[in-house]
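Q: Just need the structure, nothing else, for what follows:
(one chain, ligands or ions: 1)
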Amino acid sequence: MSKITFSCVGKTVEAEDGTWMYDVCDDAGSGIPFACKAGACGTCATEVKSGGENLGTPGARELRTLETKGLDPARYRLPCLADVHGDVVFGASAGAAESGASLAIHDVVVESYRPLNLTVAEIRFYVESDGFAFRPGQYMILHAPGGEQVVRRSYSISTPPSDRQHFEICVRAVSGGLGSNFVHRLRPGDRLKVEGPYGDFVLNEESRRSILMVATGTGMSPIKSMLLHLLDTRSRRKVRLFFGLRSDADLFYTDLLRGLSAHYPEFGHEIILSAPDPTRWAGPRGRVTDLITNRLDPRDAASTEAYICGGRDMIECSRQLLLEKGMPASSIYHENFY
Ligand SMILES: Cc1cc2nc3c(=O)[nH]c(=O)nc-3n(C[C@H](O)[C@H](O)[C@H](O)COP(=O)(O)OP(=O)(O)OC[C@H]3O[C@@H](n4cnc5c(N)ncnc54)[C@H](O)[C@@H]3O)c2cc1C
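A: As a prediction, the model looks like this:
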């Protein structure tokens with residue numbers, strides 16, 4: 001047995017060697033946030049105060065994720081990639097430190113549930129207590145009852161931070177998925193616990209550069225929060241959104257985007273469908289990455305920053321295309337949902 005200490009919450013637990021560190025953190029109520037649990041998102045990056053050698057040598061994926069988040073691998077590790085092999089003392093979680101959150105858990109009440117299409121729904125929550133501050137692009141972790149253990153799933157906030165007392169999420173029901181189907185069963189009046197805000201996929205408000213947003217599916221959620229915030233703050237930055245969906249049955253937020261274009265002269269958007277019914281869709285057909293290839297002028301790439309959200313393959317492909325067009329890597333921000 002090894003001793004695993006979580007100094008932030010003042011807890012030490014004993015764990016059998018070979019146990020997945022995620023299970024130890026979760027069972028102990030460590031407060032360390034997890035999302036992908038596969039070393040890709042970096043959400044669980046946590047300072048290691050001692051016993052780092054017992055976590056083994058960081059592999060290429062861990063090094064890449066820590067580097068992307070600007071964290072020193074000699075100080076931070078990803079517990080989701082580790083098994084227990086000796087005593088470890090964990091310090092502060094980088095996600096909580098970056099967001100300024102002190103691992104806050106909030107009680108919320110569902111105010112509304114609105115289907116946006118057959119598989120995607122928008123849920124609005126009222127935050128009891130004094131509400132909380134967040135930055136456009138951040139996400140919350142919802143606690144869903146899952147048998148003996150609470151199931152924790154990350155969902156991006158889709159509303160702007162001007163309202164501290166409410167937030168909305170936009171969730172696709174995944175077949176057989178515990179978290180997303182729990183969310184789809186929520187109805188007005190239901191109460192639950194949420195944690196956060198978390199994440200460093202946030203709008204760079206100090207920049208004056210043009211913005212390119214690329215989203216697929218519910219990847220629109222944090223992008224919508226950013227867009228509404230830009231509108232709230234009367235930003236004059238030029239914003240273009242490329243939004244990719246599969247078919248015309250998957251369309252959502254089309255009225256909202258049309259309305260934004262009317263109110264925000266610097267905003268333009270294009271929706272592309274990969275498998276539309278040709279009798280119902282006259283717009284562009286293909287992948288969202290085709291819009292990057294065909295619409296982004298390399299002369300604009302250096303003066304633009306990009307925010308990309310959706311699945312990992314789309315993000316990787318978009319990043320490559322943007323780099324080839326001449327956009328600096330430091331201007332490309334992304335959030336992997338899966
Ligand atoms: C930072 C972050 C923010 C996120 N924000 C959102 C959001 O705003 N809206 C949203 O809908 N989702 C979002 N997600 C994804 C979300 O956290 C869950 O992963 C998703 O809802 C599936 O959880 P589940 O419990 O229903 O499925 P699980 O029980 O975890 O998985 C069930 C099965 O579905 C597969 N699967 C899991 N996720 C997906 C997926 N997205 N698409 C296809 N197959 C999948 C799994 O491989 C598994 O086979 C976010 C993820 C991260 C990391």
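Q: From here on, just use CA atoms for contacts and neighbour counts.
A: Will do.
Q: mind exporting stretch 295-302 as PDB, just the C-alpha atoms?
A: Output in PDB follows, covering the C-alpha atoms of stretch 295-302 (Å, rounded to 0.1, in the frame of the first residue of the first chain):
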ATOM      1  CA  ARG A 295     -11.900  30.700 -47.200                       C
ATOM      2  CA  LEU A 296      -9.000  31.700 -45.100                       C
ATOM      3  CA  ASP A 297      -6.600  34.000 -47.000                       C
ATOM      4  CA  PRO A 298      -3.000  33.300 -45.900                       C
ATOM      5  CA  ARG A 299      -2.400  37.100 -45.900                       C
ATOM      6  CA  ASP A 300      -4.900  37.300 -43.000                       C
ATOM      7  CA  ALA A 301      -3.600  34.300 -41.000                       C
ATOM      8  CA  ALA A 302      -0.800  36.100 -39.200                       C
END
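Q: For that stretch, the averaged confidence score.
A: On average, the pLDDT along stretch 295-302 is 95.
Q: Tell me which residues are up against it.
A: With contacts defined as C-alpha atoms under 8 Å, 6 or more residues apart in numbering, stretch 295-302 is touched by 322, 325-328.
Q: Buried ones in that stretch, by neighbour count?
A: With burial defined by 16 or more other C-alpha atoms under 10 Å, the residues of stretch 295-302 counted as buried are 296, 301-302.
Q: For the nearest residue to Pro328 once chain neighbours are set aside, give its distance to Ser210.
A: For Pro328, ignoring the flanking residues on the chain, the nearest one in space by C-alpha to C-alpha, 6 or more residues apart in numbering is Ala302 at 6.6 Å. Applying C-alpha to C-alpha, to the nearest Å, the value for Ala302 to Ser210 is 10 Å.
Q: Next: Pro161.
A: For Pro161, the distance to Ser210 - C-alpha to C-alpha - is 21 Å.
Q: tell me the contacts of the closest residue to the ligand within the stretch 201-338 of the chain?
A: Residue nearest to the ligand within the stretch 201-338 of the chain: Phe337 (3.7 Å; C-alpha to the nearest ligand atom). Counting by C-alpha under 8 Å, 6+ apart, Phe337 touches 36, 219, 309-312.
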